[in-house]
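Asker: Pasting a predicted model and its sequence here:
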Amino acid sequence: MKKIITAAALSMAAVPAVASEDIVKVKASGDVASTMDALEAAVTGAGATVFARVDHAAGAAKVDMELAPEQVLIFGNPKLGTPAMQDDPLAGLYLPMKVLVYQDGDGQTWLAYEDPAEMLEDLNVPKDAEYVKKMTGALAKLTGKASGM
């Protein structure tokens, strides 16, 4: 019985934490800045385009407010996003992709993103669309690489 519990615990450690049905959280080993640098390098290395890197904590500091380290990377690949928008132009509200890197109250760094299938489910996008599977796989691979875990 002890071996079964240990095996279950180890297998759960390899699965990304899920904040809700549509938000996927991936634990990171570095701080926010280095994790974001790793994510940006992984994204560009994969051939995607980085459109923006938003530093929310720096924005808060500009108005004399405090916020734990938190950055968003906005990126995409027209080969994946264009078919979604061809199926339903409203997909453009959700694309390009976004990944948040933040520090929680315990000082732990996380990467978080919205699951593409959940994100696009209310649109006229086929549930089994190949581009949704590719988006899902790419986000998992990119955040996994950036997590340092």
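Answerer: Great, that's in hand.

Asker: Let me know the helix or strand that residue 112 is in.
Answerer: Assigned by DSSP states H and E, residue 112 belongs to strand 109-114.

Asker: for that strand, packing partners?
Answerer: strand 23-28, helix 32-45, strand 97-103, helix 130-147 (3 or more Cβ pairs under 8 Å, 6 or more residues apart in numbering; DSSP states H and E). From N, CA and C alone the C-beta is placed, and that goes for glycine too.

Asker: Pick the most buried one from those.
Answerer: Sort these by mean neighbour count, taking mean count of other Cβ atoms under 10 Å, and strand 97-103 sits at the top with a mean of 22.

Asker: returning to that earlier point: what's the angle from the strand holding residue 112 to strand 23-28?
Answerer: Angle between the axes of strand 109-114 and strand 23-28 is 160 degrees (criterion: axes from the mean of the first three to the mean of the last three Cα atoms, to 10 degrees).

Asker: Next secondary structure after strand 109-114?
Answerer: Defined by DSSP H and E, the subsequent element after strand 109-114 is helix 116-120.

Asker: got the contact list for that next one?
Answerer: If you take Cβ atoms under 8 Å, 6 or more residues apart in numbering as the criterion, helix 116-120 is touched by 21-22, 84, 88, 91, 94, 97, 127, 132, 135-136, 139.

Asker: And stretch 87-97, by the same measure?
Answerer: By Cβ under 8 Å, 6+ apart, stretch 87-97 touches 49, 51, 74-76, 81, 84-85, 113-114, 116, 119-120, 123-126, 129, 135, 139.

Asker: Could you pick out the buried ones from the residues you listed?
Answerer: Neighbour counting with 16 or more other Cβ atoms under 10 Å marks 74-76, 81, 84-85, 113-114, 116, 119-120, 125, 129, 135, 139 as buried within the contacts of stretch 87-97.

Asker: Great, nothing more from me.
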